[in-house]
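Colleague: Have a look at this fold, sequence not included:
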């Protein structure tokens, strides 16, 4: 795996991104990753908190569009996160917290499927079942964990 991490980190794009003084390099990619995180986690939080019971006067049908923002942010983070990883693959590829973040992202995506199905259903404006409330709470916890793991990575050294 070390050979792969070294190869990835030594690609011309990875070197440019990590060593360039240009604002178009690492700072822009990190900024876009933060925007994507805000879209993904923010949308998950809005939907999750509403399903838990915050803002009950707001019909669930009115927040269905949040899933488009969620996926737009997710795909933006998929691209920018790959770039950020490539720039520091030799370090990040050995961090347990990086893999914990990936596992949390996968779980967050899996949790979003039944939640979206429920929000898109006609029954969603009448009653929120306990199972969906539990998944919504879990979603908020998971995306908080993803954000925390990502931030911790910046401060962990080998």
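Modeller: Structure received. Everything numeric here is computed off the predicted structure, so don't read it as measured data.
Colleague: Mind giving me the packing neighbours of the host helix or strand of residue 133?
Modeller: In the assignment (DSSP states H and E), residue 133 maps to helix 130-153. On a contact count with 3 or more CB pairs under 8 Å, 6 or more residues apart in numbering; DSSP states H and E, helix 130-153 meets helix 26-52, helix 96-120. For every residue, glycine as well, the C-beta is placed using N, CA and C.
Colleague: Report the distance from that helix to the chain centre.
Modeller: From the chain centre to the centre of helix 130-153 is a distance of 10 Å (CA atoms, centre = their mean, to the nearest Å).
Colleague: before we move on, the earlier item: just the helices and strands packed on helix 130-153: most buried one?
Modeller: Most buried of these by mean neighbour count (mean count of other CB atoms under 10 Å) is helix 26-52; its value is a mean of 19.
Colleague: now that one: mean pLDDT?
Modeller: For helix 26-52, mean pLDDT rounds to 97.
Colleague: Distance from that helix to the middle of the chain?
Modeller: 7 Å.
Colleague: Tell me what angle it forms with helix 130-153.
Modeller: Using axes from the mean of the first three to the mean of the last three CA atoms, to 10 degrees, the direction of helix 26-52 lies 160 degrees away from that of helix 130-153.
Colleague: thinking again about what came up before, name the surrounding residues that touch the helix holding residue 133.
Modeller: Helix 130-153 is contacted by residues 37, 40-41, 44-45, 47-53, 92, 95, 97-98, 100-101, 104-105, 107-108, 111-112, 114-115, 118, 128 when judged by CB atoms under 8 Å, 6 or more residues apart in numbering.
Colleague: quick revisit: now distance to residue 148 too, for the helices and strands packed on helix 130-153, in a markdown table please.
Modeller: Shown next, in a markdown table, are the helices and strands packed on helix 130-153 (distance: least, CB to CB, whole Å):
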| stretch | distance to residue 148 |
| --- | --- |
| helix 26-52 | 11 |
| helix 96-120 | 9 |
